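Trainee: Predicted model, plus sequence, below.
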Amino acid sequence: MASDDQKRRAAEAALAYVPEGSVIGVGTGSTVNHFIHALAQVRFKIQAAVSSSDATTRLLKAAGIEVVDLNSTGDLEVYIDGADEATRQLALIKGGGAALTREKIVAAASRRFVCIADPSKLVAVLGRFPLPVEVIPMARSYVARQLVKLGGQPVWREGVTTDNGNAILDVHHLNILDPFSLETEINQITGVVTNGLFAKRRADVLLIGTDTGVETLTAT
Ligand code: 5RP
């Protein structure tokens with residue numbers, strides 16, 4: 001059972017990966033909210049942050065941290081974000097908070113991706129958590145039919161509109177043995193903006209907060 005303390009431990013451990021004077025990328029979700037809280041205590045250590053969602057932007061600003069546009073920064077030193085599922089090879093499912101597209105952009109533009117999570121997120125095979133796919137609204141049904149052909153069972157996350165004005169399909173019953181290929185295949189479907197598999201750009205470091213400390217996994 002995930003606890004708030006586990007998330008907080010992982011989030012606080014991520015501070016060690018924040019270089020002095022840098023502009024950092026900040027993800028979205030309850031684990032990241034702990035990170036923003038911890039970052040606020042040392043906010044003069046960084047120059048500014050690039051945010052992955054409107055919700056995170058509000059929290060960063062409320063914490064007194066300047067938020068800047070990715071178009072004005074060049075590549076970032078580090079990106080800190082959570083995950084819905086993670087393997088020991090550091091491939092992830094993300095998008096439970098519907099912020100996957102901006103998260104993927106900031107991750108892609110960052111030299112290092114530090115993922116923070118609690119032990120409930122660690123899995124041997126991705127796919128128990130339904131895979132979020134962001135779609136252009138008019139393509140929703142078309143994309144859903146293509147996802148069924150891939151063996152999934154897509155469910156429209158009704159009432160949710162992403163920060164980009166799009167819809168989310170949550171794809172159930174995928175047993176994702178080759179995350180890299182599936183990420184590529186789903187992104188080829190016309191109307192898909194992106195999907196929540198982070199296999200091409202996986203995490204470089206995974207910090208798992210436990211009841212007693214933090215386990216650190218790194219990409220091999
Ligand atoms: C948001 C995400 C989050 O990182 C993911 O949902 C994990 O959230 P939490 O830290 O609340 O468990 O991908 O789109």
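Mentor: Arrived safely.

Trainee: how about residue 146, what does it touch?
Mentor: The contact partners of residue 146, taken as Cβ atoms under 8 Å, 6 or more residues apart in numbering, are residue 189. For the C-beta atoms, the positions are set from N, CA and C on the backbone; glycine is no exception.

Trainee: Give me the secondary structure label for it.
Mentor: helix (DSSP: H, G, I helix; E, B strand; the rest coil).

Trainee: and the gap between it and residue 23?
Mentor: When distance is defined by Cβ to Cβ, to the nearest Å, residue 146 is 38 Å away from residue 23.

Trainee: name the helices or strands packed onto the lengthiest helix in the chain?
Mentor: Taking DSSP state H as the criterion, the chain has its longest helix at helix 30-41. Here helix 30-41 touches helix 4-13, strand 23-26, helix 54-62, strand 76-81, strand 110-117, going by 3 or more Cβ pairs under 8 Å, 6 or more residues apart in numbering; DSSP states H and E.

Trainee: looking at those, which is buried most?
Mentor: A comparison of the helices and strands packed on helix 30-41 by mean neighbour count, using mean count of other Cβ atoms under 10 Å, puts strand 23-26 on top with a mean of 26.

Trainee: Can you show me the CA trace of that strand as CSV?
Mentor: Only the C-alpha atoms of strand 23-26 are listed here, as CSV (Å, rounded to 0.1, in the frame of the first residue of the first chain):
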residue,chain,number,x,y,z
VAL,A,23,16.7,25.6,-14.8
ILE,A,24,15.0,22.2,-14.0
GLY,A,25,11.9,20.4,-15.4
VAL,A,26,9.1,19.6,-13.0
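
Trainee: Now do it: everything it contacts.
Mentor: 18, 32, 35-36, 39, 46-52, 56, 60, 68, 73, 76-81, 106-107, 109-110.

Trainee: Please list which of the residues you listed are also close to the ligand.
Mentor: Residues of the contacts of strand 23-26 in contact with the ligand (Cβ under 6 Å from any ligand atom): residue 81.

Trainee: what domains does the record give for the protein?
Mentor: Following automatic domain parsing, one finds the domains of the chain at 4-122+200-218, 131-196.

Trainee: Compile those into JSON lines and extend it with columns for mean pLDDT.
Mentor: Listed next are those as JSON lines, based on pLDDT from 0 to 100:
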{"stretch": "domain 4-122+200-218", "mean pLDDT": "98"}
{"stretch": "domain 131-196", "mean pLDDT": "98"}
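
Trainee: which of these sits most buried?
Mentor: domain 4-122+200-218 (a mean of 20).

Trainee: Not counting its neighbours along the chain, what's nearest the most centrally placed residue in the chain?
Mentor: The residue lying closest to the centre of the chain (Cα atoms, centre = their mean) is residue 94, at 4.6 Å. Once flanking residues are discounted, residue 94 sits nearest to residue 196: 4.8 Å by Cβ to Cβ, 6 or more residues apart in numbering.

Trainee: isn't that neighbour right up against residue 98?
Mentor: No - under the criterion of Cβ atoms under 8 Å, residue 196 makes no contact with residue 98, lying 9.6 Å away.
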